Structure formats: structure tokens, C-alpha cells
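> Sequence and predicted model, in that order:
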Amino acid sequence: MAIKAPVSLVKSTHSATSLGDAELVRNPGMAFDLQQLDKIRVNKSAVVRRCAGYGVRRSIKKQQQAAWLLKAISLIDLTTLSGDDTEDRVKRLCSKAKQPVGMGLQRRLGIESMNLSTAAVCVYHEMLGAACAALAGSGLHLAAVSTGFPAGLSPLPLRIAEIEYSVAAGADEIDIVISRRHVLEGNWQALYDEVKSFRKACGAAHLKTILATGELGNLTNVAKASMVCMMAGADFIKTSTGKETENATLPVSLVMVRMIREYFLLTGFYIGFKPAGGVSDSKTALLYMTMMQEELGRRWLEPDLFRFCASSLLGDIERQLDHYESGNYSAAYRHAMA
């Protein structure tokens, strides 16, 4: 069953949004502004009510759902961050990133001409060599976790050196973790200085700041940490390492997305958002895409401004696409990642 018109969601270039249609220029950061932070307040009950409505107000079914899921594939940072990672596993993951949907299913859906791929592959520094070789010429981004991931408690000079090593090894995106103690102690200047030093070490590589929101205590801290990281020059703000007890949730994500909107209105610069941990099925991915569409607009449904940190999500999307085409759910082992 071929997918027709709705696939424009996957292939289209961005158009004007509710927040503007300017060319995407990298965020240079701004001077630390404590007064801006003092204005931030979060109404938790209002956040929860807003999140409860995303799956109720908008229902995406059949052909439209298939098109949205194809779009979701293009937003994935296909990730492996396990202690037992090997170069062979990373090479297989890169092959999957370059061809995330099997050619048989692509032909049945009529999408062979899309050249569909994920947005990036994300690995530890030690796996960058294998990933860089496997992705050569593909156009996919290569991301590395850094700065003492996941705890971020190694000495600052080592964390900065780790970024520099990863950039030199071929990573063009760096996912760093912030020092949560700066947030919990309210030492916003220290957090700003830390992230600013990470941004400088990244050079041309894009900086994604991981807040580890499950360890920040409350939503107001999440909001303030988001704003400070953007002030310091972050290109993306990211919810979690995927290693915390609580990872990405819709309420936390809504707070971060609203801060992205505030920063855009304050400076005119676009900041990306990346939920990580807990986005493992198609239904959840569609909720996040709906949130981005409603809160920020169509422009934030492109991979330069929105990513999923995921691995199992891709397998579930493949199963949903197979079901859309055949009417039957395929076994999970038919869609192995690596």
C-alpha cells in the first residue's frame, strides 16, 4: 500500500512557522542574565493539564500516521551506549542508520526514492573510529557523548579535553552532561561558565547539553537550567542521559520547549530539543511530535531542531509501518537494530 500525499511531511523543506521563518543561524549565546532567570516560574498543575491534552485533541491515523512515522525516523539519533559495545556492533548500527527500513517494505510503501535515513548515530568516544568509517559519505551526523557521561563528575580540564578528542576523532555533534550540583545549589553563574567552556571546546561541532532532568529536583530548576544552557551557547537542550531513574517525560519536555520559545522570542535564535530515555514506541514519538508542532511550529519538526535519542523506537516504527502496509504485525526479531 503506497503512501502518497502525506509523505510531503517527510520530504518538505520548512515553511514559515508561528515563531518566524528566518534562516537557521547558530546560537552564539548571550551574556549571563540573572534577572531573566528570576522571572521564571513554573505552574506544575498547568503543565500536567496541558500535557494530558496532546493525545486527546489530535488523532493521527492510517496514511497520515505512516507519514508521521517516516518523519520520525529522520529525527532519530540511533544510539548505542552500552558497556559491551564493540566495533562490529557499531558498524551494524551505522548500516541500520543508513537504511532504517528494509528495501522490501520500502518498495511496498512506494518510498524508495526518499533515500530515508536517521539523522545521526550516537556512540561513546572509543567507538568513533568505527562509526566514522562506516558513515563515510553518507551525510549522517556523528555524535559522541562526552564530559564524563553520564555523571559528569570528572575534573573540568578532563571533560574539556574529552570534547576536543571527540571532535578531532570525527564527531560533529557533542552530547555533554552538565554538573547537576550547580543547579541544585542555585549556582547559575557556575553552570553558565561550564557550558560556555564546553561550547568553546566544541568549535564547529554542535553542542547538545544534557540536563539529566530526573536529578534536578523540580520543574523550575529544569526551566532555569534550560535557559542558562541556551545563554551559554547550547545548540540543543536534551532531557536525559537515559541512565537516570526518571528520563524524558512530557511535563519536563514541555517546560524545556517553552524555554526554547522564550529564548527565541528574546534573541531570535533557534534552539533544538532532544528527548532521551523513555521514547521507545511509535505512540510516544507521535505525542512528542504533536507537542513540537503545537508549541513551536512546523520548523521544529526538522532534524536540525528536533531529535529522538533512541534505538528500540526504530524497531517499533518499522513494525507499525509493516502493519500499515500488510494489516499484520511482524515479529520484533525481523527488525533487529544491531
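Perfect, I can see it now.

> so where is the stretch 201-338 of the chain shaky, pLDDT-wise?
The stretch 201-338 of the chain contains residues with pLDDT under 70 at 332-333, 335-338.

> Which parts of it are strands?
For the stretch 201-338 of the chain, strands defined by DSSP state E, counting those that start in this stretch occupy the ranges 206-210, 236-238, 272-274, 308-310.

> pull the CA atoms of the lengthiest helix in the chain into CSV?
The residue-count maximum for a helix in the chain (DSSP state H) belongs to helix 250-267. Written as CSV, here are the backbone C-alpha positions of helix 250-267 (Å, rounded to 0.1, in the frame of the first residue of the first chain):
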residue,chain,number,x,y,z
LEU,A,250,6.1,15.1,28.6
PRO,A,251,5.8,17.6,31.5
VAL,A,252,9.6,18.0,31.7
SER,A,253,9.8,18.3,27.9
LEU,A,254,7.0,20.9,27.8
VAL,A,255,8.9,23.1,30.3
MET,A,256,12.1,22.8,28.2
VAL,A,257,10.2,23.5,24.9
ARG,A,258,8.6,26.6,26.5
MET,A,259,12.0,27.8,27.5
ILE,A,260,13.2,27.4,23.9
ARG,A,261,10.3,29.5,22.8
GLU,A,262,11.1,32.2,25.4
TYR,A,263,14.8,32.2,24.2
PHE,A,264,13.7,32.5,20.6
LEU,A,265,11.4,35.5,21.5
LEU,A,266,14.3,37.0,23.5
THR,A,267,17.1,36.6,21.0
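
> buried stuff in that helix?
Applying a neighbour-count criterion of 16 or more other Cβ atoms under 10 Å, one finds 250-264 buried in helix 250-267. Bear in mind the C-beta positions are built from the backbone N, C-alpha and C, glycine included.

> same question, stretch 52-70
So, applying 16+ other Cβ under 10 Å, buried residues of stretch 52-70: 54-55, 60, 63, 65-70.

> quick one on the thing from earlier: any chance of the strands of the stretch 201-338 of the chain in JSON lines, with mean neighbour count too?
Listed next are these as JSON lines, based on neighbours: other Cβ atoms under 10 Å:
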{"stretch": "strand 206-210", "mean neighbour count": "26"}
{"stretch": "strand 236-238", "mean neighbour count": "26"}
{"stretch": "strand 272-274", "mean neighbour count": "24"}
{"stretch": "strand 308-310", "mean neighbour count": "29"}
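
> Now tabulate those strands in CSV and tack on distance to V90.
As requested, the strands of the stretch 201-338 of the chain are arranged in CSV below (distance: least, Cβ to Cβ, whole Å):
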stretch, distance to V90
strand 206-210, 19
strand 236-238, 21
strand 272-274, 20
strand 308-310, 16
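
> Any idea which of those strands gets closest to A130?
Taking Cβ to Cβ, strand 308-310 is the member of these nearest to A130, at 19.7 Å.

> Quick one: list the elements packing against that closest one.
In terms of contacts (3 or more Cβ pairs under 8 Å, 6 or more residues apart in numbering; DSSP states H and E), strand 308-310 is packed against strand 76-79, helix 282-295.

> which one of the ones you listed is the most hemmed in?
Burial of the helices and strands packed on strand 308-310 is given as mean neighbour count (mean count of other Cβ atoms under 10 Å); strand 76-79 ranks first at a mean of 26.

> contacting residues around that strand?
Here strand 76-79 makes contact (Cβ atoms under 8 Å, 6 or more residues apart in numbering) with 93, 96-97, 100, 118-123, 141, 143, 242, 274, 307-311, 313-314, 337.

> Tell me the strands beside that strand, with direction?
Taking DSSP bridges as the criterion, strand 76-79 sits next to strand 120-123 (parallel), strand 308-310 (parallel) in its sheet.

> Just give the number of residues close to the nearest residue to T239 once chain neighbours are set aside.
Spatially, and ignoring its direct neighbours in sequence, T239 is nearest to A248 (4.2 Å; Cβ to Cβ, 6 or more residues apart in numbering). For A248, the count of nearby residues is 24 (other Cβ atoms under 10 Å).

> One more: A134?
Per other Cβ under 10 Å, the neighbour tally for A134 reads 21.

> Let me know the secondary structure of it.
Put simply, A134 is helix when judged by DSSP: H, G, I helix; E, B strand; the rest coil.

> and the nearest residue to it once chain neighbours are set aside, what is it in contact with?
Nearest residue to A134, sequence neighbours excluded (Cβ to Cβ, 6+ apart): C94, at 3.6 Å. Contacts for C94 (Cβ under 8 Å, 6+ apart) come out as 121, 130-131, 134-135, 138, 140.

> ok, now with 10 Å
Contact partners of C94, counting by Cβ atoms under 10 Å, 6 or more residues apart in numbering, are 78, 80, 118, 121, 123, 127, 130-136, 138, 140, 142, 338.

> could you give the mean pLDDT of the helix or strand where it lies?
Here C94, judged by DSSP states H and E, is contained in helix 87-98. Taken as a whole, helix 87-98 has a mean pLDDT of 96.

> and what of stretch 161-180?
When pLDDT is averaged over stretch 161-180, the result is 97.

> May I have the distance across it, first residue to last?
The distance separating the two terminal residues of stretch 161-180, taken as Cα to Cα, to the nearest Å, comes to 20 Å.
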